[in-house]
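A predicted structure for the sequence below; I have some questions about it.
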Amino acid sequence: MKKVILGFSGGIDSFYTAYLLKEQGFEVFPVYFKVLPDISTEKVEESASILGLGLTVIDLSNEFRKKVINYFIEYYKKGLTPNPCAICNKDIKLKYLYKLSKELKADFISTGHYAKVSYFNKWKKNLILRGKDKRKEQSYFLSLVEEFVFQKLLLPLGNFTKEEVVLRAQELGFPFESESQDICFIEGHYVNFLEKFIKPKPGVFVLIDGTPVGKHKGYYKYTVGQRRGLGISYTKPLYVVSIDAKMNRVIVGEKKEIQKDIIYVKNINWHLDYEVVEKFDTIQVQIRYRSKPVEVEKIDYLKNGIFCVKLAAKVDAPAPGQVCAFYSNELLLGGGEITTEGEGIWKEVL
């Protein structure tokens, strides 16, 4: 019997994943990564017991604080927009599942992500495809994960919709409401969390040309593309164009000033060699979770790990710090971090 180590949160997705793996004949070892020191594991243990599974709890709260929480805080301090879920998948969840599989000599690892794993004979490896449920599919959050992890990964929920999973899990006696938080370590609004670590310091809103148009209450309270809640009286609607943390300024402008058809991406984690990616006839990028993919016209490597990406259409507010995922239709090619480094070089490249 093949052994699989399952990242088990006790929620409805990991519960039904465990059930499917058991039905497929795997020996399932559910593992709960405790990422917050004071959190109770009672519901998680009960969820596993319904399926007749014993739960292993591993405390990763120190690692999670260093890799995810500190990253989240530091990025906001720098005026960037972090993506803690993508970082957690890369540096915590899938990293430690893979490590455990080596230590325990397990054949596979698994999670409850709504995405698919498929073997491509052409490249002799497993790669990630978008999941069936287009509203819920989560391949975007796997873009930073190194491709060698996919060679042991099973994603049973990729062929299901969320509605199907909820219905079937409830039929099996899943007792809890489906719990969902945007950021697992924050209750309530993220600004309230950040105020414990970043002292609010009033500053100014300025237009692109530097003209002051109002006062802000702390630059970290705003995100690129934001329109509501600025409290600025102006002749036209204004949006956050960028954040200047060093000068404590929030730059605002009209809608057209947040729309870009050139983005810069650094530290790209390609799932295939870039020489292979370059030969794809069609490539799209997705600049945030649930945003519509946009066709790529051209990708140029600049320097220092930075790529310049020319798009076929403009996208709204690509935010520095956010993840940019690359696709060829359903196939996930990799992902990197949106940056402002390299801006202005495109003309030289042409």
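Thanks, I have the structure now. Numbering: from 1, shown residues only.

Please enumerate the helices of the stretch 51-200 of the chain.
With helices called from DSSP state H, counting those that start in this stretch, the stretch 51-200 of the chain shows them at 61-64, 70-77, 84-88, 94-103, 147-150, 162-171, 190-194.

Return the most buried member of the ones you listed.
Comparing the helices of the stretch 51-200 of the chain by mean neighbour count (mean count of other CB atoms under 10 Å), helix 84-88 ranks first with a mean of 21. For glycine as for every other residue, the C-beta is placed from the backbone atoms N, C-alpha and C.

list the helices and strands that helix packs on?
With contacts taken as 3 or more CB pairs under 8 Å, 6 or more residues apart in numbering; DSSP states H and E, helix 84-88 sits against helix 70-77.

Show me how far the helix it packs on is from its chain's centre.
Relative to its chain's centre, helix 70-77 lies at 15 Å (CA atoms, centre = their mean, to the nearest Å).

any idea how far residue 334 is from residue 92?
In this view, residue 92 and residue 334 are 19 Å apart by CB to CB, to the nearest Å.

still on that earlier bit, format the helices of the stretch 51-200 of the chain as JSON lines; extra columns: mean pLDDT and distance to residue 301.
Below are the helices of the stretch 51-200 of the chain laid out as JSON lines (pLDDT from 0 to 100; distance: least, CB to CB, whole Å):
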{"stretch": "helix 61-64", "mean pLDDT": "98", "distance to residue 301": "33"}
{"stretch": "helix 70-77", "mean pLDDT": "97", "distance to residue 301": "25"}
{"stretch": "helix 84-88", "mean pLDDT": "97", "distance to residue 301": "22"}
{"stretch": "helix 94-103", "mean pLDDT": "98", "distance to residue 301": "27"}
{"stretch": "helix 147-150", "mean pLDDT": "98", "distance to residue 301": "19"}
{"stretch": "helix 162-171", "mean pLDDT": "94", "distance to residue 301": "38"}
{"stretch": "helix 190-194", "mean pLDDT": "94", "distance to residue 301": "34"}
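
would you turn those helices into CSV with distance to residue 320?
Output for the helices of the stretch 51-200 of the chain, formatted as CSV (distance: least, CB to CB, whole Å):
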stretch, distance to residue 320
helix 61-64, 24
helix 70-77, 9
helix 84-88, 15
helix 94-103, 25
helix 147-150, 25
helix 162-171, 31
helix 190-194, 17
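
Which one, of those helices, ends up nearest to residue 278?
Among those, helix 147-150 comes nearest to residue 278, with 16.9 Å by CB to CB.
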